[in-house]
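In: Can you look at this prediction? I've put the sequence above it.
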Amino acid sequence: MPTSPLDRITLEPESAANACVVWLHGLGDSGAGFAPIVPMLNLPANHGIRFIFPHAPEQAVTINQGYVMRSWYDIKSMDLHNRADMTGVLESEQLVRALIQEQIDSGIPAQNIVLAGFSQGGVLSLFSGLRFEQSLAGILALSCYLPNADSLPENCHQSNKQTPILQNHGEQDGVVPISAGQKANQLLRQAEYDVTWQSYPMEHSVLPEQLNDISSWLQARLIRR
């Protein structure tokens, strides 16, 4: 796994950036897969939010016959208990942490940064956000699960115990069963995290209605009124 800074698509606001959303894509996709959603969020003209869509490193993925593609970690099995290669998860976590630190060093405090992700990217955003040592503005976990399946990550940091977490999932998701997202939600609620759950009548995807809800959630956390 490379240790150099992640290549990414960066979309700057019209006004000076005072907040940031780091959005991680799913298996086989790239940052270009989600970058087009920004106009669909219908944010205020002066929103001040920088959007960063990094590209995952390329690697062989076991469940796809070893084909090389963009992936945050190897997926060895469809069984949730063995799906995520934890070595790869930890390596990618370091890349994401470095990306967040870049933003902090540029003058955007951690409490103005949302870590978001879809599918495999959502797994990484949830895992990395729970373990990050500075309080984030929020964690957005879309159509995903916890890499440990039946437990929260080790070394969850107290700094993000009160961080708002939004989980979205498709009710007809055939890639990541909704039960996997619900299990993660149950574990988070039992540990008294500030977590909100919302399901939608969709498969493994994102709906316009869902983007409206995400926009409202982001604005409540990142736009200073």
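Out: Arrived safely. Numbering: from 1, shown residues only.

In: all contacts plus neighbour counts: C-alpha atoms, from now on.
Out: OK.

In: Can you report how many residues neighbour the nearest residue to S205 once chain neighbours are set aside?
Out: With sequence-adjacent residues excluded and distances taken as Cα to Cα, 6 or more residues apart in numbering, S205 is closest to G170, at 7.2 Å. Here the number of neighbours of G170 (other Cα atoms under 10 Å) works out to 24.

In: How about T87?
Out: T87 - counted by other Cα under 10 Å - has 11 other residues nearby.

In: ok, now P5?
Out: 12.

In: Looks to me like it is in a strand.
Out: No. If the criterion is DSSP: H, G, I helix; E, B strand; the rest coil, then P5 is coil and not within a strand.

In: can you pull the contacts of it?
Out: P5 sits next to L95, A98, L99 when contact means Cα atoms under 8 Å, 6 or more residues apart in numbering.

In: circling back to that earlier point, the residue nearest to S205: what's it in contact with?
Out: With Cα under 8 Å, 6+ apart, G170 has these contacts: S143, I178, S199, Y200, P201, M202, E203, H204, S205.

In: can you pick the most crowded of those residues?
Out: S143 (29 neighbours).

In: pretty sure that residue is in contact with G122, am I right?
Out: Yes. Using Cα atoms under 8 Å, S143 is in contact with G122, at 7.0 Å.

In: the helices in this protein, which residues?
Out: Taking DSSP state H, the helices of the chain run over residues 37-40, 86-105, 120-131, 178-190, 208-222.

In: Kindly reformat these as JSON lines containing distance to D79 and mean pLDDT.
Out: Formatted as JSON lines, these follow (distance: least, Cα to Cα, whole Å; pLDDT from 0 to 100):
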{"stretch": "helix 37-40", "distance to D79": "31", "mean pLDDT": "96"}
{"stretch": "helix 86-105", "distance to D79": "14", "mean pLDDT": "96"}
{"stretch": "helix 120-131", "distance to D79": "14", "mean pLDDT": "97"}
{"stretch": "helix 178-190", "distance to D79": "11", "mean pLDDT": "96"}
{"stretch": "helix 208-222", "distance to D79": "28", "mean pLDDT": "96"}
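
In: Pick the most deeply packed of those.
Out: Compared across these, helix 120-131 shows the largest average neighbour count, a mean of 26 (mean count of other Cα atoms under 10 Å).

In: Looking at the contacts of P5, spot the one nearest N46.
Out: Nearest to N46 out of the contacts of P5 is L99 (Cα to Cα; 23.9 Å).

In: OK, contacts around the closest residue to A35 other than its chain neighbours?
Out: Spatial nearest neighbour of A35, chain neighbours left out: F53 (6.5 Å); criterion: Cα to Cα, 6+ apart. By Cα under 8 Å, 6+ apart, F53 lies in contact with R8, I9, T10, V22, W23, L24, H25, S30, G31, A32, F34, A35.

In: Try it again at 6 Å.
Out: Counting by Cα atoms under 6 Å, 6 or more residues apart in numbering, F53 touches R8, I9, W23, G31.

In: In strands, which of those residues fall?
Out: R8, I9, W23 (DSSP state E).

In: just those now: which is nearest Q158?
Out: Relative to Q158, and with distances defined as Cα to Cα, the nearest of those is W23, at 22.8 Å.

In: okay, and for this protein, where does confidence drop off?
Out: Residues of the chain meeting the criterion pLDDT under 70: 1-3, 80-82, 225.

In: Give the full set of residues in contact with the spatially most central residue of it.
Out: By Cα atoms, centre = their mean, the mean C-alpha position of the chain lies nearest to G117, the distance being 2.3 Å. Residues counted as contacts of G117 (Cα under 6 Å, 6+ apart) are W23, L24, H25, S125, A141.
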